[in-house]
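Asks: Predicted model follows, preceded by the sequence.
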Amino acid sequence: MLTRTPWLTWLFIAPALLIIAVLMYYPMVGTVIESFYSTSFINPNPRFVGLEVYRAVFGDGAFGRIVLNSILWTVGVVLLQNLLGFLAALLLNQRLPGQALMRSLVLLPWVLPGVVAAILWRFMYDPQLGLINSFLISLGGHGIPWLADASTALAATIIAAVWKGFPFSTVVYLAALQNVDEEQIEAAIIDGAGAVRRLFDIVIPAVKEIIAINLVLTAILTFNYFDMIWVLTRGGPQNATHIFPTKIYELGFGQFRFGEAATYGVVSILLLGVLIPLYFLIQARGRRVEA
């Protein structure tokens with residue numbers, strides 16, 4: 001019936017399309033329009049300046065640093081989070097004593113609110129009373145101002161974000177590992193294949209589609225991750241940890257420079273526009289393989 005009356009199909013999906021248009025695409029279009037206007041704390045009335053805001057943003061030395069920080073932040077968190085999550089999933093997929101308890105405990109960082117996790121790590125990185133520096137001093141070293149030093153701040157935030165996010169990848173990979181064909185693994189054991197050989201010849205090929213999807217999905221989520229960096233460093237010191245979301249927040253809600261904030265938002269949308277189609281492409285390819 002639906003194939004004979006396509007208008008009925010559109011009638012059913014019209015409410016969903018309307019909600020998506022209002023909640024997603026209308027704000028995006030509004031952001032693009034806002035990027036052509038200039039505002040400031042002194043002069044809050046929008047003034048149309050065309051591409052002048054883009055020229056000012058691209059000409060600012062901080063823009064290149066923010067792009068580089070965003071790339072390093074996203075790549076570092078995604079790779080470490082997925083590697084640690086996959087290794088944890090391999091461990092939790094074994095028949096070990098207390099397996100159910102370990103699966104529950106590994107979820108604790110993930111279920112913590114992002115702000116709470118960031119505050120915990122801020123205490124741990126404290127140069128005077130932090131647990132990390134106390135451990136270094138006990139070994140005969142000296143305390144390091146992890147979040148106040150431009151050379152260590154970004155790495156410190158990446159470690160904290162990996163700790164917060166790796167349980168998500170663990171859950172995804174654990175579910176995928178439980179669907180690996182046990183008969184193939186048993187046949188490989190009979191043939192004398194070791195654990196490493198079984199991992200690379202059977203397990204990883206069986207879950208490679210899940211790995212690809214999770215890599216892209218966590219990249220999208222990490223690129224837009226705001227809480228951890230803002231609570232730990234607020235983008236400092238000297239823009240060493242500023243990424244697109246924190247810079248947009250600082251410009252828009254801290255300095256009322258909505259035009260520049262919108263410009264950074266447009267650039268971030270364009271960068272994400274590369275990852276989002278890739279995510280759907282991998283999903284579609286997986287469905288074709290299953291069919």
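Replies: Received it, and whenever you're ready, just let me know what you need.
Asks: how close does the residue lying closest to S151 once chain neighbours are set aside sit to V267?
Replies: If the residues on either side of it in the chain are set aside, S151 comes closest to A240, at 8.0 Å by Cβ to Cβ, 6 or more residues apart in numbering. Yep, even glycine has a C-beta here, placed from its N, CA and C like the rest. Distance of A240 to V267, given as Cβ to Cβ, to the nearest Å: 20 Å.
Asks: ditto for L91
Replies: L91 sits at a distance of 40 Å from V267 (criterion: Cβ to Cβ).
Asks: Please say which of the two ends up with more neighbours.
Replies: Remark: of L91 and V267, V267 carries more neighbours, 20 against 14, as counted by other Cβ atoms under 10 Å.
Asks: give the contact list for that one.
Replies: Listed by Cβ atoms under 8 Å, 6 or more residues apart in numbering, the contact set of V267 reads V57, F244.
Asks: Apply 10 Å and report the result again.
Replies: Taking Cβ atoms under 10 Å, 6 or more residues apart in numbering as the criterion, V267 is in contact with S35, Y54, V57, F58, F63, I66, V67, S70, F244, I248.
Asks: just P46 next, same as before
Replies: I33, E34, F36, Y37, S38, T39, F258, G259.
Asks: so of these, which ones are in helices?
Replies: Those of the contacts of P46 mapping onto helices are I33, E34, F258, G259, per DSSP state H.
Asks: still on that earlier bit, surely the residue nearest to S151 meets L232?
Replies: No - in this structure A240 lies outside contact range of L232 using Cβ atoms under 10 Å: 11.4 Å.
Asks: got any residues that touch both of the two?
Replies: Common neighbours of A240 and L232, using Cβ under 10 Å, 6+ apart, are L147, A153, T157.
Asks: could you redo these as JSON lines and give each row pLDDT, distance to S104 and neighbour count?
Replies: Formatted as JSON lines, the shared contacts of A240 and L232 follow (pLDDT from 0 to 100; distance: Cβ to Cβ, whole Å; neighbours: other Cβ atoms under 10 Å):
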{"residue": "L147", "pLDDT": "95", "distance to S104": "31", "neighbour count": "24"}
{"residue": "A153", "pLDDT": "96", "distance to S104": "33", "neighbour count": "24"}
{"residue": "T157", "pLDDT": "97", "distance to S104": "27", "neighbour count": "29"}
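Asks: any idea which of those is closest to L101?
Replies: Closest approach between those and L101, by Cβ to Cβ: T157, at 30.2 Å.
Asks: Please tell me how far that closest one sits from M24.
Replies: Remark: distance between T157 and M24 (Cβ to Cβ) = 28 Å.
Asks: and what of I33?
Replies: 16 Å.
Asks: Find the nearest non-adjacent residue to F168, please.
Replies: Nearest to F168 is W110, by Cβ to Cβ, 6+ apart, at 5.5 Å.
Asks: And the pLDDT at that neighbour?
Replies: We have a pLDDT of 91 for W110.
Asks: and if you look at Q255?
Replies: Looking at Q255, its pLDDT reads 86.
Asks: I figured it hits P44, correct?
Replies: No - judged on Cβ under 10 Å, Q255 makes no contact with P44 at a distance of 11.3 Å.
Asks: Please point out which parts of stretch 234-249 sit buried.
Replies: 235-236, 239-249 (16 or more other Cβ atoms under 10 Å).
Asks: picking up where we left off before, with neighbour numbers in mind, choose between Q255 and P44.
Replies: Ranked by neighbour count (other Cβ under 10 Å), Q255 and P44 place Q255 first, with 13 against 9.
Asks: Now do the closest residue to that one other than its chain neighbours against L251, distance only.
Replies: Residue nearest to Q255 in three dimensions, not counting chain neighbours: F41, with 6.4 Å by Cβ to Cβ, 6+ apart. Using Cβ to Cβ, we find F41 at a distance of 11 Å from L251.
Asks: Just want to know which of the two has more residues nearby.
Replies: Using other Cβ under 10 Å, the more surrounded residue of F41 and L251 is L251, with 20 against 9.
Asks: Give me the local confidence score for that one.
Replies: L251 carries a pLDDT value of 92.
Asks: ok, for it, nearest residue in space, not its chain neighbours?
Replies: Sequence neighbours aside, A261 is the residue nearest to L251 in space, at 3.9 Å (criterion: Cβ to Cβ, 6+ apart).
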